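need coordinates for the below:
(one chain, ligands or ions: 1)
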Amino acid sequence: MGEETAPPATPEKSDPPKLVLAISVDQFSADLFAQYRQTYTGGLKRLANAIVFPSGYQSHAATETCPGHSTIMTGSNPARTGIVANDWVDQGAARADKVIYCAEDEREDGTDHRNYVESAVHLLVPTLGERLKAISPASRNVAVSGKDRAALMMGGNNVDAIYFWKKGQFVTLKGRTVEPGVAKINAELAPVFAAPDPDGLSVPESCRHLNRAIPVKDGGSVGTYHFNRPGAVDGAFRASPALDAWTVRVAEQAIDDMKLGQGKVPDVLSLGLSATDYIGHSFGNEGVEMCIQQASLDQALGRLFAFLDARSIDYIVMLTADHGGHDLPERVAMQAYPSATRIDGKLTANNIGAAIAADLGLPDGMKPLLARGPIGDFYLNRDLSGEMKDKVRAAAITRLKEYPQVAAVFDARELAQVPVPTGPVEEWTLEERARASFYAPRSGDIIVLLQKVVTPIAHPGPGYVATHGSPYDYDRRVPILFWRKGLSPFEQPLSVRTVDIEPTLAPFVGVAIPQGEIDGRCLDLDAGPASTCPVATIAGK
Ligand SMILES: [Zn+2]
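Numbering: from 1, shown residues only. Got it, this is the predicted structure:
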């Protein structure tokens, strides 16, 4: 394992950094960071000893990947970014499939939400890279990720290069070319992806106590897998540390090919590391699998920082997550929290809708309620007459509230009237959390939130035993870490938000963001009496 070496000496303080490196580790909860913090020896050790906000918040209720990534580089709640969920229902969509994936352009012929053309067209606000390019056209805005939606939501629409993992290789957007350097990485990766890895990864000493089989409902177990994966199975490759390692390779290639951070003006590189999330979904986050991943992630980040240091690039790095995570209920229940459980399989829009249709005598085959999952946004069928719509809404709210696992049900018409919350984010009500990820043109007519420690997966299966998405702190709280040579370390345990990241980074590259355009505030990264924030916001610090 590579020990993190001391970073180079302090630069002149007034020099702007030449590269903003914004990293999102998918599903990297504040709890994971706290649990593993003492074990890091690589890149995460550098960040854990720099400027640390251990109580960062993805403050909204819909703690999914797309909404979460949409907050990081825009300074805005999903209510403003328009990214209310990974998928939503648009009954007016001009194609047969009315489900819309957050990072697709549904206007493309022949697409549906699973077979789509990747796009950031749904993102309603500019990213930091886009704002920078508006004032500094020679600056480059680049995004690389294991997931298309992470790269697109952090990069935005105006990107100079973008790469993301898709079925065994790194690809780019329709109409663009994979540059030769990245094509070469794909060629090198192909046999690695295709070959089984019968030996798997070694288990670090610090992970051995976690190597314990936990039976999962409906069969199988987790807790003892060491990534001895089969060949050419996309799900198995994605849910392994290899995905992050190769994603970092692509980012490094882009840095060299485009000379990022090596020109006269600053560049922005957004990096989404997705393996932590796939591993969390597949095996939970308290087993040997996540322990191995934490060690691997730490080393991959250490290699990336060493790569930048070796090129004497002056960079500022920020690391956070799109949401936290919750372990699988079988292990949570075993480990001192017996109330942890899975959602009642009958709690679905289809079941509740069928009961309502029978009660109200709706025509055969009419589905009064539409939804993308067991929680979140429920939509009233737009073919219902106005009066019938009101009846269905009232009946659905009543029936949903009868389920003991349901914590809250909000009527969108009322939620729209709630002011977007400010103030200490840990004290927001459930309604305020839901408001922060509510955008009327895309959100449901009814918003459903479950009780704590109820996992919204009724029937687990390979690759999907645990998840996130709740309005609770295990899913909302994420670390927010900053490092730049010359910036003194400090730790601020009070809550801050991922919407604060963009206004915090913006002054470093000369981007001014008009007041009222975003939801976040600038965090002063100077440990002493000076400030890294614009003068106007110092009074409020
Ligand atoms: Zn995610």
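
from now on I want contacts and neighbour counts done on CA atoms only, so please keep to that.
OK.

for the ion, what's its nearest residue on the protein.
residue 65 (3.4 Å; C-alpha to the ion).

quick check: closest non-adjacent residue to that residue.
Leaving out its chain neighbours, the residue that sits closest to residue 65 by C-alpha to C-alpha, 6 or more residues apart in numbering is residue 322, at 5.7 Å.

still on that earlier bit, the residue of the chain closest to the ion contacts residue 150, correct?
Yes: between residue 65 and residue 150 there is a contact under C-alpha atoms under 8 Å: 7.3 Å.

picking that back up, burial measure for the residue nearest to residue 65, as a count.
30 (other C-alpha atoms under 10 Å).

now tell me which helix or strand of the chain has the poorest mean pLDDT.
helix 535-538 (a mean of 56; mean pLDDT, DSSP states H and E).

check which helix or strand covers the residue nearest to residue 65.
Using DSSP states H and E, residue 322 is not contained in any helix or strand.

list the contacts for it?
24-28, 58, 63-69, 72, 478 (C-alpha atoms under 8 Å, 6 or more residues apart in numbering).

the strands in the stretch 301-450 of the chain, which residues?
For the stretch 301-450 of the chain, the strands defined by DSSP state E, counting those that start in this stretch cover 315-320, 341-342, 369-371, 376-380, 406-411, 446-450.

the first one and the ion in contact?
I take that to be strand 315-320. No: shown here: strand 315-320 not in contact with the ion (C-alpha under 5 Å from the ion), separated by at least 11.4 Å.

direction included, what does that strand pair up with?
strand 19-25 (parallel), strand 477-484 (antiparallel) (DSSP bridges).

from residue 266, how far out is the residue of the chain most remote from its centre?
Each residue of the chain has a distance to the centre, and by C-alpha atoms, centre = their mean the biggest one is for residue 361: 42.1 Å. Distance, residue 361 to residue 266, using C-alpha to C-alpha, to the nearest Å: 63 Å.

with residue 360 instead?
61 Å.

who has more neighbours out of the two?
residue 266 (26 against 13).

so which residues of the stretch 101-250 of the chain form helices?
Remark: helices assigned in the stretch 101-250 of the chain by DSSP state H, counting those that start in this stretch are 128-135, 148-155, 180-194, 234-238, 241-258.

what of the stretch 251-400 of the chain?
275-283, 288-310, 329-334, 349-360, 386-401.

how about those, which one is nearest residue 203?
Taking C-alpha to C-alpha, helix 288-310 is the member of these nearest to residue 203, at 6.4 Å.

could I get the closest one in CSV with only the CA atoms?
Extracted C-alpha coordinates of helix 288-310, given in CSV (Å, rounded to 0.1, in the frame of the first residue of the first chain):
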residue,chain,number,x,y,z
VAL,A,288,-16.0,-7.0,4.3
GLU,A,289,-16.9,-5.9,0.7
MET,A,290,-17.2,-2.2,1.7
CYS,A,291,-14.1,-2.5,3.8
ILE,A,292,-12.1,-3.7,0.9
GLN,A,293,-13.6,-1.0,-1.3
GLN,A,294,-12.7,1.8,1.2
ALA,A,295,-9.1,0.7,1.1
SER,A,296,-9.1,0.5,-2.7
LEU,A,297,-10.8,3.9,-3.1
ASP,A,298,-8.2,5.5,-0.8
GLN,A,299,-5.4,4.1,-2.9
ALA,A,300,-6.9,5.1,-6.2
LEU,A,301,-7.3,8.7,-4.9
GLY,A,302,-3.8,8.6,-3.6
ARG,A,303,-2.5,7.6,-7.1
LEU,A,304,-4.6,10.4,-8.7
PHE,A,305,-3.2,13.1,-6.3
ALA,A,306,0.3,11.8,-6.9
PHE,A,307,-0.3,12.0,-10.6
LEU,A,308,-1.3,15.7,-10.3
ASP,A,309,1.6,16.5,-7.9
ALA,A,310,4.1,14.9,-10.3
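
mean confidence score for it?
Averaging pLDDT along helix 288-310 yields 98.

chain center to it: distance?
19 Å (C-alpha atoms, centre = their mean, to the nearest Å).
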